[in-house]
Every structure is written in C-alpha cells, then in structure tokens.
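**Student:** pasting the sequence and the predicted coordinates here, then a few questions.
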Amino acid sequence: MEIGPKIQAAVAAILEEKYQYQVDSGTIVVTPTKREFSGDFTVVLFPFIKALRTNPVQLGEAIGADLISQSWITAYEVKGGFLNLTLANSIWTELLDTVNIAARTLDPARKIIIEYSSPNTNKPLHLGHIRNILLGWSCVQIYKAIGYQVIKTQVINDRGIAICKSMLAWKLFGEEKTPASTRTKGDHFVGEYYVLFNSKLDEEYKSWQQSDEAQTIYITGKKEEQTAADFFKTYANTYFNEYSQLGRQAKEMLLKWEAGDPDTLELWNRMNNWVYDGFNKTYAELGVDFDTIYYESETYLLGKESVDQGLEKGIFYRNSDGSVWIDLEDAGMDKKILLRSDGTSVYMTQDIGTAQHRYQDYHFDRMVYVVGDEQEYHFKVLFEILKRLGEPYADQLFHLAYGMVDLPTGKMKSREGTVVDADDLVAEILGEARKAAEERGELVDLPPQEQEKIIRNIALGALKFFILKVNAKKRMVFNPEESLDLQGQTGPYVQNAYVRIRSILRKADQMTIPSVYAGYQLGTEERELIALLLQYWETLEQAANNFDPSGVANYAYQLAKSFHRYYHDVSILRAESEEAMAFRFVLIRKIAMVLELAMEMLGIEMPDRM
RNA sequence: GGCUUCGUAGCUUAAUUGGAUAGAGCACCUGACUACGGAUCAGGAGGUUGCAGGUUCGAGUCCUGCCGAAGUCACCA
C-alpha cells in the first residue's frame, strides 16, 4: 500500500460521487503536512474550486467528512485552500511494515552504460575529477537500486600531443628515473614531466623573444598599441607549432607514435602504465571501479565508416576541399566538421564511432556521459548527429553536465598552481578525521586496522557528502576547510545517527526486547519519521530521472536530523511501556536500514562505531 | 555579438518540479551532560529569493525586458 496514491484515489472517488467531477487521481496534489499545522498529509483544494463552483472551506468539509466516515482518517482541518488529514494509528503501523530496502526487481531488459572520470594521462586527478567520479559512481548505485543493469566505463585519453610532451621531457631530462626509484606515485611522476616540459618551453620561448627574428615578427605582426608581452601571449601557439625546438620534437614524437615506431610506443606504454598505477590507487582510495575501459588510442580512428554512411544518406556533405560537414542550422546549431580536408577525423567523429562501437559491445538502452558542462554544446551536437544517423538508442542519451568546481579564491587554474590535487585532498581529510577520532577517544579499544577503516569511512563520508549534496548542474564552491568539517550538514552527522542506532541495538542484544506493539499510540515525531521513510523510493527515482544524487544526500540528512531529535526526546531502551519499546525497535531498525542504503547510493559506507 | 546556464541570510546551500509564514548548515549569541554516545539537542539573531513588469486563486520556480556572473560558438583534444 502506498499512502499518497491511496489518498489521491479516495479524494478522486469523492469528487466523482458528490460532484460528478472526473479527475485523474494522479494529478491531485498530496504532500506531507507542514510542521506548523496539525495533520499528516495535505490535499491541495485550489485546483477544483473553480470547476465545482464552490469555495475551499465547503469543499474541504465535504471531502473531510466523507473520509472520516471511512475510518482510516481520524481528523481533518481545512486551512485556506488546504485540507489537512490525520491518519489513523493503525494505518501508520501498517505503513511502517511496508518500508523495505530490497532493490527493485532487476529487469535485464533495462541496461544503462555510465561513463565517468575519463582523465587524460598527462597529469594526476584533481578536484574536478572527484566531482565527476562521485557523481558517476552515485548514479551507478542509484540505477542499480531501481533495477537497471549498469555498466561502468570510462574513456582514457591516452594519446595525443599532451602525453608526447611528458614523454619528451622525460627523455630529455628524466635521466632514466622511475616512480619506483623516486618513490613517487606514477601519475604524479608523469605529471611532473608535463609541468617540466611547459616550463622548459617557457624558458625557450622567452629567450627566443629576444632574437631579431622574434622582434621582426612582433613589429610586423602586432596590432596597434599592443605591447610585446601581450603580443607574445597570443602568439604562443604559433611559436610552438612553427619555431619551437621542443614543439618540433614533441610533434615529431606524435608522428612517430602514429606511425607505430617501436621505441616511441615502448616509452608511451611505459609512461602510461605508470599513470594507470597511480590512477588505480586513487580510484581504490575513493572506493570506485569500472567494468570496462575504452582507450582513445584504440578508438580515435573510429567513426570514419559512419561518415561514409552519413554521406550516402545525405545527412553529411562534402566541401570542395574534400572536408566533410553536417549542417545543423535547422536545429538551431551550427555547421560542424566531421572530416578534415586531409581526411583525418576530429573529436566529434571519434565520439560517433565510440558510441556505435559501445552499442555493438553492450546493446544498452540508455547511455550517460558524466562530463563537465563546458562540453554541453559538443554533446548536443553529438546526440543530434546520432539521431540523424538513426541510431536505435539516440533518444536515450544523456549528458550529465555538472558545473565546474571553484575555490573560495576563484577558478582552479593549473597554470597558476591553484588546482586541488585529488590525492592531497584525500590525505588531508584523512588526517583531519584521524585527529578528531583521537580527540574523542571512542575507538581506542579497537584493533588499529579497524580504527583505520572507520576513520576512512568518516573522512570519505565527509568529502563525498560535501560534494554530492550540491545539485549536480550547479557550479559549486569548494571550501577545503568546510569540507573537513565533521559537524552540521555533513556525512559524519548522518553516520552518527546510524552509529547511535547500532549502539542501542548492541545493548539490546543483552536484553529481551518485546515484539508486540498493536495497541501503541504513535507520537507525532514517530509519524513524521515513518512519513520520511516512505519517501525513500520516490526520492531515489527522482534522483535517477534527473541524474542528480543531491536529493538523496539531502534526504539522508533530513532523516538523520529527525532521528537525532527523536533520540533526544524519547527513550528507547527505557521506554515507558512494552508496546512503546517494541514499536521503537522496529522503527529504529528501519531508520538504520534506510540511512545505510541512502548513503550507499552516495558511495558512503556506514561505520558501526565512530 | 549569437546561443546556453546560473543569481536565495555574511558564507555554503534546500525548497516534494506552480502550493501554506522560503527550510537547513557554517560562523555569531544563549541554554541542555548523575548519558539508549554531546560528531548531539533546544532557542536567538540573520531574507524585498539580482531588478522591473506579466501570467495564475497562488511564483524562488513559468513568460518578457534589463543588470551581473559563467560556459560555448576551431580543419584543438
């Protein structure tokens, strides 16, 4: 029995019987009654008063009186255009029984593939990746819970000029050092050479700027009033491509890679594997994994067949210079290139091919890309093209476009060194959680490994909750200090509610707990808690539909908050009657179950003690 | 400039998708420990939801116009 639909149906029946007014019961608005009014659920009457030529008070009285005669409603009150209903005690205990956490039946026909993380192999993961990963992982859990078969994947950008820069810097300046020999995490090790390349390039560029050649270019090429510094800033790309020694060597390396040169491939493999070692450590630290990985080195040539296909169908057209385009202006977009005049493909082409390739691999019903909102236009175009190509899954594609993560000081900029490194962040928050745990001293009698496990749960719980509680679409400000906070609207606050229940249950193991509560009269706090428990699946489905886990985080907080208050006001182990104790044990077990499941949806584990 | 997104307390943010007096947390002030765990609870103060119109019984939410911020508009990835 679901209570919302039951009320809707009852009201619809009364409207039809008493007023001969037909209404789709699903459209009747039923909400939990606000705290400051008496009642459990509220029916909004406004939508009917015009059609029924009555006023809210009359209508409310008529519906209320009828419902009371049906015995499952014990009281009603009309306030403004709202009808507040109080449910019978027996209904509440029945409703509590229906609270369950079993995942919805798995339907193998519904398969979703979710892509997240998708880093480049030239530098370590940062705060932006963390938001991406946590969102992706949370969506995976949520879709599993509502019965989907989920495939976790990522695309690793393991090729291109960026990794060649790291490779070249290592070759020129690395002196055969390795992550092992320098005791450096592999992704950080390679990242250092990427940074080194850029600083060497900078040096080279600066000294070149003094040359006669450069001065001539500046004088002839500058715009009016443009300073040398300004000019050379905008000229950097051209310099890299046409004058730089380092640039030339990096590009040569890319060509050699594309030609399959064994030495280059060997170095490339070696360095990428260092990076993967590092990534895998970070993923393990965050508690996430993948079912399958796509590497760009294997997919970057895909999509060319679909160009031929599109040309045949007349969706694409060929320019006089041989380049291939699609015109999306009738859909409010621009013209987009798909094949350069030299026949090489672009990012878009590759994404088309990868989508088709994945469909062949998995025959999914839906596909989700967790990628920053800066690429919104790209995906809009990609989805439109796939639709025009007639791909069967084309209307089940979703770009989970999350907002960038800013710092209180502004944007993260790698050039200015303000990027928050993922590993540093996790280490910092672990330290903070450890310090707090030591101060509290609750864990001292546990073996060290167990203490460590709990500390990790708390630290990661804090971090994950902090990031996931914000609506995915919104740009968010990440305040490192606040993310270390373990009090207030945080993961540890929710964990603490669970720990309190576990503590009671441990004590109850030594006691005999009564199990009959048939005659127990529920308090308002208990009704409120049950009403909250009943909202779990609705919350989850909404999160799934919107690809936004923030509602689940806020729900978990809300439930924890209500429990903390209840715990404070009402005694469980020393309840005033056997019925009260019996009922309260059932209630807190359900609360613990739902809290644990809700947090699992966010990738957060619950400790038994903290 | 075109298109897209976003402006809610000092700060970080909610609002059951159009419903009641906009709800929390942090910070600030006051109170609650002979305890089922104080990483907690109760209270105070803090709001013209960027501004101005419009639609509606009802607007933080929908429409229009301003103001402000961000993103995007490559034969780059």
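**Tutor:** Nice, thanks for sending it over.

**Student:** contacts for stretch A:478-490 next, please.
**Tutor:** A:127, A:405-408, A:420, A:425, A:428-429, A:432-433, A:436, A:458, A:461-463, A:465-467, A:469, A:492-493, A:557 (CB atoms under 8 Å, 6 or more residues apart in numbering). C-betas here are computed from N, CA, C, even on glycine.

**Student:** mind listing what's buried along that stretch?
**Tutor:** A:Phe478, A:Ser483, A:Leu484, A:Asp485, A:Leu486, A:Gln489, A:Thr490 (16 or more other CB atoms under 10 Å).

**Student:** reformat those residues as CSV; add pLDDT, distance to RNA strand B and secondary structure.
**Tutor:** Below are the buried residues of stretch A:478-490 laid out as CSV (pLDDT from 0 to 100; distance: CB to the nearest atom of the strand, whole Å; DSSP: H, G, I helix; E, B strand; the rest coil):
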residue, pLDDT, distance to RNA strand B, secondary structure
A:Phe478, 90, 8, coil
A:Ser483, 87, 9, helix
A:Leu484, 87, 10, coil
A:Asp485, 88, 6, coil
A:Leu486, 91, 3, coil
A:Gln489, 95, 4, coil
A:Thr490, 95, 7, coil
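
**Student:** farthest-separated two in the residues you listed?
**Tutor:** A:Phe478 and A:Leu486 (16.5 Å; CB to CB).

**Student:** the nearest residue to A:Leu286 once chain neighbours are set aside and RNA strand B, how far apart?
**Tutor:** Leaving aside its sequence neighbours, A:Leu286 sits nearest to A:Ile133 (CB to CB, 6 or more residues apart in numbering; 6.1 Å). Between A:Ile133 and RNA strand B the computed distance is 18 Å (CB to the nearest atom of the strand, to the nearest Å).

**Student:** contact partners for A:Ile133?
**Tutor:** Counting by CB under 8 Å, 6+ apart, A:Ile133 has contacts A:Tyr116, A:Ser117, A:Leu125, A:Tyr283, A:Leu286, A:Val288.

**Student:** for those residues, which one is nearest A:Gly60?
**Tutor:** Closest to A:Gly60, out of all of those and judged by CB to CB, is A:Tyr116, at 48.8 Å.

**Student:** now the closest one: closest residue in space, sequence neighbours ignored.
**Tutor:** Spatial nearest neighbour of A:Tyr116, excluding adjacent residues (CB to CB, 6+ apart): A:Gly136 at 2.4 Å.

**Student:** wouldn't the one you found be in contact with A:Ser118 here?
**Tutor:** No. Counting by CB atoms under 8 Å, A:Gly136 does not reach A:Ser118; the two are 9.1 Å apart.

**Student:** mutual contacts of these two, please.
**Tutor:** Common neighbours of A:Gly136 and A:Ser118, using CB under 8 Å, 6+ apart, are A:Val370.

**Student:** the more surrounded of these two?
**Tutor:** A:Gly136 (27 against 20; other CB atoms under 10 Å).

**Student:** quick check: the gap between the more buried one and A:Ser550.
**Tutor:** Counting by CB to CB, to the nearest Å, the gap between A:Gly136 and A:Ser550 amounts to 14 Å.

**Student:** helix or strand for A:Gln249, which one?
**Tutor:** According to DSSP states H and E, A:Gln249 maps onto helix A:245-259.

**Student:** which neighbouring elements make contact with that helix?
**Tutor:** For helix A:245-259, the helices and strands in contact under the criterion 3 or more CB pairs under 8 Å, 6 or more residues apart in numbering; DSSP states H and E are helix A:161-173, helix A:186-208, helix A:228-242, helix A:262-286.

**Student:** ranking those helices by burial, who's on top?
**Tutor:** helix A:161-173 (a mean of 21; mean count of other CB atoms under 10 Å).

**Student:** only C-alpha atoms, please: export the helix or strand following it in CSV.
**Tutor:** Sequence order places helix A:179-182 as the next helix or strand after helix A:161-173, per DSSP H and E. Extracted as CSV, the C-alpha positions of helix A:179-182 are listed here (Å, rounded to 0.1, in the frame of the first residue of the first chain):
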residue,chain,number,x,y,z
PRO,A,179,58.3,6.3,-10.0
ALA,A,180,59.9,3.4,-8.1
SER,A,181,63.4,5.0,-8.0
THR,A,182,62.0,8.3,-6.8
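
**Student:** pull the number of nearby residues for the nearest residue to A:Phe232 once chain neighbours are set aside.
**Tutor:** Nearest residue to A:Phe232, sequence neighbours excluded (CB to CB, 6+ apart): A:Gln209, at 5.6 Å. Residue neighbour count, defined by other CB under 10 Å, stands at 18 for A:Gln209.

**Student:** next: A:Leu505.
**Tutor:** Residues lying near A:Leu505 (other CB under 10 Å) number 16.

**Student:** A:Gly221 too?
**Tutor:** 12.

**Student:** against A:Asp445, how distant is it?
**Tutor:** 73 Å.

**Student:** sorry, back to before: who's in contact with the residue nearest to A:Phe232?
**Tutor:** A:Tyr218, A:Ala228, A:Phe232.

**Student:** and of those, the nearest to A:Ala62?
**Tutor:** Looking across the contacts of A:Gln209 and measuring by CB to CB, the closest to A:Ala62 is A:Phe232, at 80.3 Å.

**Student:** ok, that closest one touching A:Ile217?
**Tutor:** No. Distance between A:Phe232 and A:Ile217: 9.3 Å, which falls outside the contact criterion (CB under 8 Å).
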